[in-house]
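**Q** Provided below for reference: sequence and predicted model.
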Amino acid sequence: MKGGCEGLGTQKVAVFGGTFDPVHLGHLLIAQTASSQMDLDRVIWVPTRYPPHKCSQSLVEFEHRLEMVRQAIADNPAFVVSPVEINRTGSSYAIQTFIELQALYPAIQWYWIVGADAFQTLPKWQCRDILAASVEWLVAPRLMRGSAAGEVGETGWSDGIYLETQILCQQVANHLAHTSMPVRWQVLQSPLVAVSSSLIRQFCREHRSIRYLVPEAVRIYIEAENLYQSEVDR
């Protein structure tokens with residue numbers, strides 16, 4: 001894998017996986033918060049080729065998603081994109097990605113950036129025992145359906161949402177502990193931004209501007225490649 005990760009040694013590195021369909025400013029904010037909060041040396045972005053929880057046929061082609069991430073993070077030397085899944089032929093499981101990255105970069109202190117809703121499903125992940133013991137989870141808070149956390153303040157931060165995420169994470173940790181799988185985690189102190197990939201795709205289909213929702217290079221790429229113009233293009 002190329003992208004400036006050579007010679008990482010015993011540095012602190014986080015994996016940030018996702019479909020990134022498309023990557024947007026919320027993703028960048030989460031990655032930057034993780035980098036600053038944990039004093040990370042590097043964040044490795046891993047676009048997922050065939051996510052097990054989504055129909056891959058509904059996604060824009062992997063090569064487009066990979067290129068959009070490349071362009072989105074180009075100006076941040078602490079961010080690199082990994083094409084580790086480019087030759088994946090079946091469902092993309094986190095454990096496969098992690099084992100491949102471990103082989104490429106031994107002696108790394110590993111972290112894994114994940115949204116609160118995804119962390120909630122960790123007990124169902126394939127080979128969760130290996131992952132749970134190998135990484136520290138950096139959980140991005142998210143206002144989920146049914147939340148009673150209250151309004152977000154002027155700073156974009158909500159103590160209620162942070163507390164709600166803490167409780168959710170502790171419940172997941174307790175569940176795993178009962179099966180002898182201790183897990184290390186902490187909640188990222190990231191402002192909440194009401195931007196999602198689905199919203200951007202909707203705006204594209206409706207021919208509405210996505211300026212300031214995605215990096216400018218990504219906006220230009222989406223328009224040049226005529227992406228997300230119909231339900232079929234999702």
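**A** Great, that's in hand.
**Q** from here on, contacts and neighbour counts on C-alpha atoms
**A** OK.
**Q** what's the spacing between the lengthiest helix in the chain and its chain's center?
**A** Assignment by DSSP state H gives helix 159-177 as the longest helix of the chain. Distance of helix 159-177 from the chain centroid (C-alpha atoms, centre = their mean, to the nearest Å) equals 19 Å.
**Q** Against which helices or strands is that helix packed?
**A** helix 116-119, strand 184-187 (3 or more C-alpha pairs under 8 Å, 6 or more residues apart in numbering; DSSP states H and E).
**Q** Which positions within it qualify as buried?
**A** Going by neighbour count (16 or more other C-alpha atoms under 10 Å), the buried part of helix 159-177 is 160-162, 164-166, 168-170, 172-173, 175-176.
**Q** Kindly format the C-alpha coordinates of that helix as PDB.
**A** Output of helix 159-177 as PDB, limited to C-alpha atoms (Å, rounded to 0.1, in the frame of the first residue of the first chain):
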ATOM      1  CA  ASP A 159     -23.400  17.300  26.500                       C
ATOM      2  CA  GLY A 160     -26.600  15.200  26.300                       C
ATOM      3  CA  ILE A 161     -25.600  13.500  23.100                       C
ATOM      4  CA  TYR A 162     -22.100  12.900  24.500                       C
ATOM      5  CA  LEU A 163     -23.600  11.300  27.600                       C
ATOM      6  CA  GLU A 164     -26.000   9.200  25.600                       C
ATOM      7  CA  THR A 165     -23.200   7.900  23.500                       C
ATOM      8  CA  GLN A 166     -21.100   7.200  26.600                       C
ATOM      9  CA  ILE A 167     -24.000   5.100  27.900                       C
ATOM     10  CA  LEU A 168     -24.400   3.300  24.600                       C
ATOM     11  CA  CYS A 169     -20.700   2.400  24.500                       C
ATOM     12  CA  GLN A 170     -20.700   1.200  28.100                       C
ATOM     13  CA  GLN A 171     -23.600  -1.100  27.300                       C
ATOM     14  CA  VAL A 172     -21.700  -2.600  24.400                       C
ATOM     15  CA  ALA A 173     -18.600  -2.900  26.500                       C
ATOM     16  CA  ASN A 174     -20.600  -4.700  29.300                       C
ATOM     17  CA  HIS A 175     -22.100  -7.100  26.700                       C
ATOM     18  CA  LEU A 176     -18.700  -8.000  25.400                       C
ATOM     19  CA  ALA A 177     -17.200  -8.300  28.900                       C
END
